[in-house]
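Chemist: pasting the sequence and the predicted model now:
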Amino acid sequence: RDQPRSRGLGDVYKRQGPNHRIVANDINNLAELLRKSGRLEETEKMYRRALAITEASYGPDHPSVAMVLNNLAVLFGNQEKWAESEPVCRRMLEILAKFENQTGSEHPQWGMVKSNYSRILHMLGKTKEETATALEQIKASALPKTKNAAE
């Protein structure tokens, strides 16, 4: 007999605790269902909970964190909360730029996130030149820091 998904989540809670990455994934998926049903206040709380668990599980710069941030940015964008969406999307790009610097490969979601960020900046009244500069700064911020020879 199939058990409801919520019972499976309860089992993970019991075995692994409420801060396990599998729990974060399930919370993230539940938040997506809430978003689709229009329960946006609950959705944001769930995404933020999933984000906190994912950051604790993988570290703040892991691509899995970027994917939870993506969902939060989409939520804000759907509500036309561009000023709230911008730093979330920028952080996603920073994480994905670090991924590229560490692996030598562009993350598969880079193009989509870059496009979303450009749209957000456009909605905030930024010019194409300002957007290009912002993207360059994000890429540059992800480069390994080198010591100044004068130090």
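Modeler: Great, that's in hand. Residues are numbered from 1 along each chain as shown.
Chemist: C-alpha only now, for contacts and for neighbours.
Modeler: OK.
Chemist: strands along the protein, start to end?
Modeler: For the chain, no strands are identified by DSSP state E.
Chemist: contact partners for the residue nearest the centre of the chain?
Modeler: Nearest to the geometric centre of the chain sits Leu69, at 1.8 Å (C-alpha atoms, centre = their mean). Going by C-alpha atoms under 8 Å, 6 or more residues apart in numbering, Leu69 touches 51, 88-89, 91-92.
Chemist: out of those, who's nearest Thr127?
Modeler: Nearest to Thr127 out of the contacts of Leu69 is Cys89 (C-alpha to C-alpha; 17.5 Å).
Chemist: okay but the closest one is in contact with Arg119, surely?
Modeler: No. At 10.6 Å, Cys89 does not count as touching Arg119 under the criterion of C-alpha atoms under 8 Å.
Chemist: of these two, who's got more company?
Modeler: Legend: neighbour count by other C-alpha atoms under 10 Å for Cys89 and Arg119, higher for Cys89 (24 against 17).
Chemist: contacting residues around the more buried one?
Modeler: Contacts of Cys89 (C-alpha under 8 Å, 6+ apart): 69-70, 73, 113, 116-117.
Chemist: for it, give me the pLDDT.
Modeler: At Cys89, the predicted lDDT confidence score is 95.
Chemist: state the distance from it to Pro108.
Modeler: 16 Å (C-alpha to C-alpha, to the nearest Å).
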